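Participant: Build me a model:
(chains A and B)
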2 protein chains.
Amino acid sequence: MTELTNPVMPGLAPGLDGFFSPRSIAVVGASENSYWGRNVFRNLTATGFAGRVVPVNPKRETVFGLPCIRTLRDLTEPVDLVYIAAPTDAVPGVLEDAASVGIRHAVIIAAGFGEAGDHERQSELTKFAAAHGITVLGPNCPGFVNVSDGVSAYGQDIPAGTKAGPVAVVLQSGALATVMFKFARAHGIGLSKLICMGNEAVTDTSDVVEYLIADKDTRVIALFVEQFRDGARFLDLARRALLAGKAIVVLKAGRTEAGQRSALAHTGAVAGDEAVANAALKQAGVARVRSIEELIITAGLFASGVQLKGRRMAAVTASGGACDIIADRASDEGIDMPEFSPETQQALRDYLPGFATVQNPLDTAAVDTARKTGTAAVPMDVVAEIVSRDPGIDFVFYLGFNVVPQFEPEPTEAKKQTARMAHVRDMMDSAPVPVCPVSLSCLEVGPFARTLFETNGIFILGGIDLGLTAIGHAIRWNTARDAARAVGTFAAPQTGPYLTEGRDGPWSEHAGRAVLEASGVPLVPAVLVHSSDEAVAAAEQLGYPVVLKICAAEIAHKSDIGGVALNLATPEAVRSAYESVAQAGRTAACTSVEGVLVSPMRPRGVELYAGITVDPTFGPTLATGLGGIWIETFKDVGLRVLPCTTSDVEDMLRSLRASPLLDGARGGPRVDIPAAARAIHAVAQAALSLGPDLRALEVNPLWCLDDKVEALDALVITGR
Amino acid sequence: MTELTNPVMPGLAPGLDGFFSPRSIAVVGASENSYWGRNVFRNLTATGFAGRVVPVNPKRETVFGLPCIRTLRDLTEPVDLVYIAAPTDAVPGVLEDAASVGIRHAVIIAAGFGEAGDHERQSELTKFAAAHGITVLGPNCPGFVNVSDGVSAYGQDIPAGTKAGPVAVVLQSGALATVMFKFARAHGIGLSKLICMGNEAVTDTSDVVEYLIADKDTRVIALFVEQFRDGARFLDLARRALLAGKAIVVLKAGRTEAGQRSALAHTGAVAGDEAVANAALKQAGVARVRSIEELIITAGLFASGVQLKGRRMAAVTASGGACDIIADRASDEGIDMPEFSPETQQALRDYLPGFATVQNPLDTAAVDTARKTGTAAVPMDVVAEIVSRDPGIDFVFYLGFNVVPQFEPEPTEAKKQTARMAHVRDMMDSAPVPVCPVSLSCLEVGPFARTLFETNGIFILGGIDLGLTAIGHAIRWNTARDAARAVGTFAAPQTGPYLTEGRDGPWSEHAGRAVLEASGVPLVPAVLVHSSDEAVAAAEQLGYPVVLKICAAEIAHKSDIGGVALNLATPEAVRSAYESVAQAGRTAACTSVEGVLVSPMRPRGVELYAGITVDPTFGPTLATGLGGIWIETFKDVGLRVLPCTTSDVEDMLRSLRASPLLDGARGGPRVDIPAAARAIHAVAQAALSLGPDLRALEVNPLWCLDDKVEALDALVITGR
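Facilitator: The predicted structure is shown next:
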C-alpha cells in the first residue's frame, strides 16, 4: 500500500507532518442530515479542498453525490486522513479499520472519553494509536481548518469571509472556535490554521506548537489553553519560537489545582501555581492576555510584522479627548511619550495653525482638513509623516482613520479614500519607524474600509484600549527576544550524576551546606561539633559572638524546639548553650542528630529568601524576595522557572515591591544587588545539581550587608 | 416679546431648563455648503425636529428652502435657541443681537477662545452671557442631540440608527461624539441626550449633570471628563445621583497638573491628584472606566435597569473554555461563584446527561441542543431558568446567545428565534434574580439579532471581558448606594466661626494640639514648660520616661535641629535634655519659641499616619496609613475626600496593603481598628473645623497599642 502522507520534514513534530494538509480524506459517519457529517462536507467545499473525499457509511450509497463505502477496509486507495464522525462506542472499531489500511492521521469528534471521566476508554485509545503509529487529534474535537492550504477536517461553522494569513489559532476548547474566526474576520486578521485540540489523547498543544514553529505559513501562534500538559516542554518551545521570531500569544484560563507541596518548604505557599505560570510565560516571552478580544487583536498586531523596538511612542490624533485616553493607557503599559525634537516641533509649527499646541500626544483637530497636500494624503497623514521622522521616537500610534465610513461611500469619495490609503501605505513603508494605524473603538471595520486596508496590507488596531494593550505586548516581546538572543540557548540540563547521595527526605543543614558549597554559594562559616569543648574551640577559632544550632535531618524548625542559641559572646555562654541545644536534640528523640553547628553571629543586615520548589507543570522554580513579612504577609516575591541567568535574578530583586529596602531606604542596611544575585543564582544551580530528586531547597536567610552576602541557614529536601 | 422657553422647573439647573428641548431654533451662519451650516439642518431633519427653524445669513435669501433673515435682529418672533455657526470674530456681535431679541439659549461652535490660549476673549464671552442671562453651550462646541425629544442643535454626523433610551452622554470632547454614537448603536444602547461641552465658558459639566439628574428621560449619565472644574460640587451631585438611583459612569482622562502644595506636609506627595480623583469618584459611587468601550457597555448595563444586589453569580455557558475565562475575570472583579444548592444540583442532574459536570460556572455543552423543551425555549434556557431559582445566587451570567446569527436567517429559523427570544424575556421577568444575557465577544450584534433583542427589551452585554467589567461596576454601585442610603446626607458643612484664631502658616504643636483636642482626638499628655525645673516637675507628674520637644510654630522638623530628646528616665536626664532642646530652639533663631513640651514616652506600638491636605479639585482630603516606609516608600495609603464616616476610615485602614500588620502579623503589636478609626475621624473633623483657611493638618504618628490610641505629634498649617 502506497504511503501518501507528505515526506517527514526534519525538525517538525514528526507525527504532525502533513497532518494538516492531507490530499485525501475519508469521512466516517458521512451523512447529509447529521450536524457533523453534513458540516464537514460543506466546509471542505467552502475551503476549496481540491483532493479526494471518500464518504464512509454502511447505510448509504452516496453522500452529497459521492459514492459511499461501507467501512475504511473497503478503501481501494489509501487516504491521508480520516475524519471520524462516528459515535463513541464505534470509535475503536473505526481506528482498527484505519490501522488495517495504513491510515496515519485521524480526527475524532466523539465525546465520552477522559472529559466525561472515562479515562480507561481514553487510555485505550492512546495506546492503540501509539501501537499503530496513528496520530490523532481529539477525541472530543471538532477538528481543524487549514486556511492557508484550503483544507479542512472540521465539523463546526466556518464564518464567511475567513481569510488566509499568518495567525495560527490553537484552542483547548471547540466551543470558542467560532468567536475566534468571527473576531479575526471582523478585524481583517488572516489565519493560517485553526486547530481544536479536544482531549489531547495523542497529540497535545505542545506538539502542535512545535509543528507551527516550523510552519512556513504561520508567523504568530495564538493559544487558548486550560492546561499545559508538560510545562517545561512548552517553555522550551516558547523559547525556540522567541529565538525564531515567532510570537506566541496565550489566553491561559482556569486556575490549576495546587499540586502536592512539601509542608516544610513554603515557596509553594507564597507563589501559587498561577503566579508560577505567569512568571514562566513572561520569561519565555509569551504574551499572556486575558480576553478573547485581546488574544486576537494582539495576534493581529504581531501578524502585521511590525517590529516595536522601543517604548518611545508618538501619538497623532484628531481629538484632544483621545490624546488624554492614550496618555493614560500608554502610561499603564509603560510606554513613554517624549517631547518631539526641536526640528519636529518646528516642522509641526510650520504646518499646523498658530494656535495649535505642538506636543506629544498631538491633537491635529486644528488642522484644516480641506487643506491641499499636493498628494492623495489628507493633512493628518502629512503630520504623521513629520512625527515619524523624529529621531527620538520608536513608533507612531496613528489614530487617523475615524473618518473611514462603515459602508460604501459615493464613488468620488471612494476614489479619494482609495488613493489616500495607497498613500498611507507608501508613507508607512518609507517611514523610518513603524506607523501603527488605530481606530477609535474595537467595532468591526466595515466592508469598504476593510477592503481598503487589506488591499494595502494595512492592519488597523481595534480601538485605543485594545490597541495599546497589544502594543504593550509587542514591546515586551521584542525586549524578551533581544534578551533571549543575548543569552542564546541555555546549556543542556545536567544529566547526572546528581549530588543526592541517595538521601530521601529533609537533609541535615550540614549535608545541605555541602551541596550549596559545591555550587559556589557563599556560606557563613560553620563547624560541626560534638562536645562543649569542641564548641568552645570552634568559637575561639571563628570569633565571638557565635550561634549554635542543632544539626539533624529530621529537625527542620530548629528554633521551635530550642535547638538554636544566638549571640553567644563568651566561652561560658557557648558551653552552657551547647548543653541545652544538644539536650533539645535528644528530647526531639531524633535518631539523626549529627552534632551541633557553630557559626559566627552576623550583625543586622538585610535578610533575603531564596528557595526552589518543583512546580507540577513547569518544574524547578526559583522564588526570591525579602524574608519575614514581605514573603509571608505580602507575597512580595520574584519567581523564575529554572534555568535562569544572574541578570534574571537581578531583575527579580529589582522588581520586588520592597526593592527600595535593598537600596537602604530610611537609613537601613544596603544590599549589593549583583553580589546577592550571584549568590541566589548559585543557590538555583545547587537545586538543579540535585536532578529529578529535588523537592525543595531553601536558603533563609541569605544575609546581606553592603558587599557581604552569606547563606546563614539551608534546607534541602529530596525524594524519589 | 413673548418668552417661549419652558417654564423653570424647581430643582433643575435653572439656566438649562428647556435648553435641550427648544421649540424654535435660529441658525446663524446657515448655509448649504459649509460643513457646520449644512450638518445642523440635516440633523434637525434626521432627528425629526417639528419646531420652527430660522436660517440667519446676510448673504442668502433662502437656505434649504427656508426663508433666510440677515441678522437675529430681523426675527419677527423670538426663538428658544440660537445655534451660532459664525466665525470666532463674529460671535460677540451675534450674541449682542441675540440678547437684544431676548434669546436665552445659545450654542457656539467657533473655536479660538480659551482652548487656543485666548482667555480674555473667553472671559468677555462669559461676562456678556452672565450680564444678559444667556445660557451658552461652548464655545468650541459642536452642540447637542436630544434623542428623546427629537431635537438637535448639532453640527457633526449623527450615525444612522441612533435610538432613544435612558443613557445621557456628556463629553468634554467633540471629537469623541461620533464613536460614542456608533458604539452605543452597535450594542443596541439607546441615548436620551448627547451633549458636547466645549470650553465650558458658561455652562459646565456639573451644570449638565445636575440637569440630567432631574431629567425624566435619563437613567444613566456617561461622562468623558478631562477636568472637573469644581470637584466638590461634582461629588455632591454624584452623591445626589446615587441616592436618586441614577448611575454615573466616568471616563476621566488626563492627569491634572499637581497643584501648589505645602512643602511641610507630605500628604500631597504620597497621594497625588490622580489618586485623590480615584478615591473621590469611588466614594461617590461613580463607576470609573478606562476605555470608550467600557464607558458605553457599562452605561448600557445600568440603562437596562438590572439591579445587582449581591456578588454571588451563576454562569451558564455552552463552552468549558468560556467557563474558565469567566471564572478568572469574575475573580478579578471580586465576584463569587458559589456551588449550587443541593436542590439545584439535583434539578440539573435530572435535566443534563449523566456525564455532564454539575458545577458553577456551568458548561451546558453536553446538553442535547435538539432536545424538546415543550416551549419556544432552547434547552440552555431551561438550564438558565433552573439556576436562576437557586437561593444562593444573586444573578445569572447567561452566555446563551452565541448562536444568534449576524445576518437574517431563513424564515423558519427566524420564526423559531423570535419565539425563543420572547420566551427568554418571560423567563427573565419571572426569574427571582436578574438574568444578564452576554455575547461571546464585543463584536457588534447583527441587525436581525439586534431587532430581536430590542423588541424584547433585552440588553446583551458585549463580551465576557467587558461584560464582567460592567457587572463589577454595577455591583460596586449597588453597594455604594446602599452605604450612601444608610448614611443619608451629611450634615451641612460648618460655616464658622472657625478655630483658626487668625493664624497664618504653620502652628506650634501646642496650638495645634488644642484644635485636635476640641474635636475629641485622643492626645498623649503634654505640659508646656519654660525651665528645667518645670520640665522635671512635669516629668514627675507624668511619670518617667518622658520626651522633650521644642515647641515653636516655625520649627516643623524638630528632630532635624536637635529639638527632640527621647526616653528620658531620670530628673538629671530631663534637666540636661531641657537645656539642649531649648538651646536648639535658640540656635534656630526662632522668634516664635513657646517653650518645651514634656510628654510621657510611649512603648513600641503601631505608628499610623493621619493627614489632611486640600486637593485643588476636590477639597480637604484625608490620607491615612502606616507611617514610615509604608507611606514614604510604598505609597500605601487610604484616601477619602471629606466629609467621611468613622466606618469609611475603618475601610481605609482595612484596605491598606499593610493591613495585616494592624492585626499583629508576625507577633507584632495589634491595633484596635475601631478605636484608631474614631481617632482618625476626629482628626478629620479637626481639619474641617479650620474652615477655608485649612492648608494641612497632620498627626504623625498616631500611636496605637491594643486599645490605646494617642496622637504623639501634630502639625497644623493654615493660610489665607
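Participant: contacting residues for the residue of the stretch 51-200 of chain A found nearest chain B?
Facilitator: Per Cβ to the nearest Cβ, A:S173 is where the stretch 51-200 of chain A lies closest to chain B, at 2.7 Å. Where C-beta positions appear, they are placed from N, C-alpha and C, glycine not excepted. A:S173 makes contact with A:C196, A:F224, A:E226, B:S319, B:G320, B:G321, B:A322, according to Cβ atoms under 8 Å, 6 or more residues apart in numbering or on different chains.
Participant: Now the nearest residue to A:F490 once chain neighbours are set aside: which helix or strand?
Facilitator: Computed as Cβ to Cβ, 6 or more residues apart in numbering or on different chains, the closest residue to A:F490 that is not its neighbour in sequence is A:P643, at 4.9 Å. Assigned by DSSP states H and E, A:P643 falls within no helix or strand.
Participant: So what does A:P643 look like in phi/psi?
Facilitator: Note on A:P643: backbone dihedrals following degrees, to the nearest 10 are phi -80, psi 160.
Participant: for it, what are its contacts?
Facilitator: Counting by Cβ under 8 Å, 6+ apart, A:P643 has contacts A:F490, A:A491, A:P493, A:A684, A:L688.
Participant: go on, A:R586?
Facilitator: Neighbours of A:R586 in contact, by Cβ under 8 Å, 6+ apart: A:V593.
Participant: returning to that earlier point: mind checking which of the contacts of A:S173 are in helices?
Facilitator: B:G320, B:G321, B:A322 (DSSP state H).
Participant: excluding its backbone neighbours, what's nearest the last one?
Facilitator: Closest residue in space to B:A322, ignoring its immediate chain neighbours: B:L399 at 5.7 Å, by Cβ to Cβ, 6+ apart.
Participant: just the first one next, same as before
Facilitator: Setting aside the residues directly before and after it, B:G320 is nearest to B:D363 in space (Cβ to Cβ, 6+ apart), at 4.4 Å.
Participant: Now the one you found. Its backbone dihedrals?
Facilitator: Torsion angles, degrees, to the nearest 10, at B:D363: phi -100, psi 110.
Participant: Test my guess that A:A175 contacts B:A318.
Facilitator: Yes: with contact defined as Cβ atoms under 8 Å, A:A175 counts as touching B:A318 (5.8 Å).
Participant: before we move on, the earlier item: am I right that the residue of the stretch 51-200 of chain A closest to chain B falls within a helix?
Facilitator: No: read with DSSP: H, G, I helix; E, B strand; the rest coil, A:S173 is coil and lies in no helix.
Participant: Same list, the ones in helices among the contacts of A:S173, but as CSV with neighbour count and pLDDT please.
Facilitator: Putting the ones in helices among the contacts of A:S173 into CSV (neighbours: other Cβ atoms under 10 Å in any protein chain shown; pLDDT from 0 to 100) gives the following:
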residue, neighbour count, pLDDT
B:G320, 23, 83
B:G321, 25, 86
B:A322, 26, 89
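Participant: Restricting to C-alpha, output the helix or strand encompassing A:R121 in CSV.
Facilitator: Take DSSP H and E as the rule and A:R121 turns out to sit in helix A:119-132. Listed next in CSV are the C-alpha coordinates belonging to helix A:119-132 (Å, rounded to 0.1, in the frame of the first residue of the first chain):
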residue,chain,number,x,y,z
HIS,A,119,-10.1,7.7,31.5
GLU,A,120,-9.8,4.0,30.7
ARG,A,121,-11.5,4.4,27.4
GLN,A,122,-9.2,7.3,26.5
SER,A,123,-6.1,5.5,27.7
GLU,A,124,-7.0,2.5,25.4
LEU,A,125,-7.3,4.9,22.5
THR,A,126,-3.9,6.4,23.3
LYS,A,127,-2.3,3.0,23.5
PHE,A,128,-3.9,1.8,20.3
ALA,A,129,-2.8,4.9,18.4
ALA,A,130,0.8,4.6,19.7
ALA,A,131,0.9,0.9,18.8
HIS,A,132,-0.3,1.6,15.3
